[in-house]
Structure formats: C-alpha cells, structure tokens
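Trainee: fold the following for me, if possible:
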Amino acid sequence: MNSTAVRHPDEVVRLQDISKTYGNAKNRVAALDGVTIGLRRGSFTAVMGPSGSGKSTFLQCAAGLDRPTSGSVMLDGTELSGLNERELTKLRRRRVGFVFQAFNLLPALNVLENVTLPLRLAGIRPRSAEVDEIIERVGLGARRKARPAELSGGQQQRVAVARALVTKPAVLFGDEPTGALDTRTAREVLTLLRESVQWAGQTIVMVTHDPVAASHADRVLFLTDGQIIDSLERPTADRVAERMTHLGAWGDQPAARGLAQGLEQGLEQGLAHGLAQGEQR
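Mentor: Alright, predicted model coming up:
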C-alpha cells in the first residue's frame with residue numbers, strides 16, 4: 001500500500017518510503033528500498049553510489065518516468081501515483097526538464113528549433129525574447145541557425161541544457177550530463193547548471209559518478225543497495241571521493257587509488273587523469 005507524501009512548501013520533490021522491486025518472489029531484486037527524501041526548491045542535488053546502487057531508478061521514480069512499487073512521489077505539489085500515463089506525460093512536458101549523457105538533439109533541427117521543441121510539443125507558443133535570453137545565457141547566441149553536426153560536443157550539451165530550461169521546469173533532472181565531455185567542457189556545462197540555480201532559482205537533481213561534477217552541487221546523496229546511507233553538504237571533490245571510497249564504491253579499482261592519491265596531493269591534473277582513467281574502464 002502506498003504511503004502518502006506529506007507536502008512541504010520548500011520542497012519541489014518529495015519521495016516518501018519509495019521502494020522499487022523487479023522480478024518475482026524467487027529472483028526479486030530491490031532497486032530502491034524505503035527511500036524517503038525531500039529536495040528543496042532552488043537547490044542543486046547530486047546523487048552518487050556504486051554501480052547497481054539504484055541511482056537511475058531513483059531519478060526515474062522522482063521524475064515520473066517509472067512508477068515505484070510502493071511509496072509516494074510528490075512533484076511540484078502533485079502526487080504522481082494518482083496520475084494516468086497521459087497526465088504524467090503532460091506534467092513532465094510542462095514541469096520537468098531532462099539532460100542526459102547523450103545529447104538527444106534532432107539532427108534536422110537547428111539550435112533554435114531544438115531549444116523550442118518542448119514548448120511546441122506542449123502546445124505553448126514560444127516567446128522570442130525569453131528563448132533568446134536562454135540561448136544567450138548558454139553562450140550560443142551566434143549559433144542559433146547551426147545544426148547539431150556543426151557544433152562541438154560541449155555546444156550540443158549546452159543546447160540540451162537550454163532545451164531543458166526553456167519550459168521553466170519545476171525541476172531539472174540530469175543523468176550523467178557531463179559523462180561524454182572532456183574535463184574542460186564538462187566544467188563549463190556544470191558551471192552553467194550552477195548558474196541556473198543562482199540566476200533562475202532552478203532546482204537540479206543530477207546523477208553522476210564524477211566527484212568533480214558532484215562538487216558543483218549544494219548536497220550529495222549517497223545510495224547503496226537502494227538506500228540513502230549518507231549525505232554531504234557543501235561538497236568538495238576530495239570529500240566526495242573520500243566518501244565514495246569509504247562506501248566501497250571504488251575500493252578495488254586501480255583508477256580509484258590513483259584518484260585518491262591525486263586528491264591528497266591537491267593536484268588538479270592528477271584528479272582529471274584519475275577520472276579519465278575511471279571512465280575508460
């Protein structure tokens with residue numbers, strides 16, 4: 001039986017006793033196991049954990065992309081369990097933004113057309129001034145007519161961020177949004193996300209494996225075996241990496257030991273190298 005999430009005025013997302021299981025009684029797997037957490041408006045939350053810890057399931061349930069087996073999700077004041085699929089789709093189009101590792105741009109559309117696509121799908125007439133402001137803020141004012149093939153990877157992800165922000169969503173969910181980018185470009189995109197929290201009061205929830213990416217957040221949640229077992233306020237990359245190592249997330253990986261050593265030495269070059277080695281494995 002689903003418990004009902006209690007509405008908190010300062011929270012844009014509230015997960016109440018969320019569980020998500022797969023399989024039958026003989027091979028039952030719990031991706032989430034009794035998760036309760038509130039995500040404040042105008043905050044940037046990173047979600048981390050070992051492979052298979054439930055990070056992606058957490059994001060999917062919080063965003064209304066998947067239904068939990070039990071528990072309750074409140075998104076921008078709406079209880080999701082009572083919505084049918086059409087109502088969920090409408091809510092996601094109007095109140096939720098998504099940025100993924102794959103940019104998911106339509107190759108036949110230019111920057112302006114890709115950015116305004118969510119508005120058109122939702123039946124909303126784009127306001128030129130507002131769209132122009134967002135495109136300028138992501139640094140693509142001079143590339144409005146360019147198609148994805150004419151843009152770098154970082155520029156394509158900037159288009160994806162602008163597309164996610166154009167509907168003024170209650171919350172923006174990112175699933176490894178910098179996973180396909182080099183270190184410098186990833187930092188630029190993360191700075192852009194951080195700025196959207198500051199200048200637009202945007203709420204962001206980002207799943208990541210990268211301590212540097214997580215350090216741009218206000219808070220990091222650590223998942224293990226489908227449960228939130230720790231959190232970290234005002235994170236730094238070295239504190240996040242240390243916490244992940246203590247969780248056993250990287251303990252057996254040579255790249256992790258290199259990363260930890262680089263952090264202890266305080267060398268940014270060593271940090272970038274360790275992360276790059278981890279992504280190649």
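
Trainee: which SS state does the closest residue in space to S53 that isn't next to it in sequence fall under?
Mentor: Spatial nearest neighbour of S53, excluding adjacent residues (Cβ to Cβ, 6 or more residues apart in numbering): L223 at 4.3 Å. For every residue, glycine as well, the C-beta is placed using N, CA and C. Classification of L223 using DSSP: H, G, I helix; E, B strand; the rest coil returns strand.

Trainee: ok, now F103?
Mentor: coil.

Trainee: give me every residue that touches the residue nearest to it when sequence neighbours are not counted.
Mentor: Of all residues not flanking F103 in the chain, Q156 sits nearest, at 4.3 Å (Cβ to Cβ, 6+ apart). Taking Cβ atoms under 8 Å, 6 or more residues apart in numbering as the criterion, Q156 is in contact with 103, 105, 148.

Trainee: show the average pLDDT along the helix or strand hosting Q156.
Mentor: Taking DSSP states H and E as the criterion, Q156 maps to helix 153-165. In this model, helix 153-165 has a mean pLDDT of 94.

Trainee: A149 and T167, how far apart?
Mentor: Using Cβ to Cβ, to the nearest Å, A149 is found at 25 Å from T167.

Trainee: these two: who's more crowded?
Mentor: Taking other Cβ atoms under 10 Å, A149 and T167 do not tie; T167 has more neighbours (20 against 8).

Trainee: the more buried one contacts L119, doesn't it?
Mentor: Yes: between T167 and L119 there is a contact at 6.3 Å, judged by Cβ atoms under 8 Å.

Trainee: what ranges does the stretch 151-281 of the chain have for its strands?
Mentor: Along the stretch 151-281 of the chain, counting by DSSP state E, counting those that start in this stretch, strands occupy 171-175, 204-207, 219-224, 227-233.

Trainee: in stretch 178-196, what counts as buried?
Mentor: Using 16 or more other Cβ atoms under 10 Å as the test for burial, stretch 178-196 gives 178-181, 183, 185-190, 192-194, 196.

Trainee: from the chain's centroid, how far away is that stretch?
Mentor: In terms of Cα atoms, centre = their mean, to the nearest Å, the centre of stretch 178-196 is found 12 Å from the chain centre.

Trainee: so where's this structure uncertain?
Mentor: Low-confidence segments of the chain (pLDDT under 70): 1-7, 248-281.

Trainee: so for L91, which of the strands of the stretch 151-281 of the chain sits nearest?
Mentor: strand 171-175 (11.1 Å; Cβ to Cβ).

Trainee: what helices or strands is that closest one leaning on?
Mentor: helix 55-62, strand 96-100, helix 183-200, strand 204-207 (3 or more Cβ pairs under 8 Å, 6 or more residues apart in numbering; DSSP states H and E).

Trainee: just checking: what are the partner strands of the second one?
Mentor: For strand 96-100, the pairing partners within the sheet under DSSP bridges are strand 171-175 (parallel).

Trainee: ok, residues contacting the partner strand?
Mentor: 12-13, 39, 56, 59, 62-63, 75-76, 95-101, 164-165, 193, 196, 202-208.

Trainee: switch the cut-off to 6 Å
Mentor: Outside strand 171-175, the residues that touch it by Cβ atoms under 6 Å, 6 or more residues apart in numbering are 12-13, 59, 63, 97-100, 164, 202-207.

Trainee: closest one of those residues to V115?
Mentor: A164 (9.4 Å).

Trainee: now do the closest residue in space to E188 that isn't next to it in sequence against R187, distance only.
Mentor: In space, and not counting its chain neighbours, E188 is closest to G154: 6.1 Å by Cβ to Cβ, 6+ apart. G154 sits at a distance of 10 Å from R187 (criterion: Cβ to Cβ).
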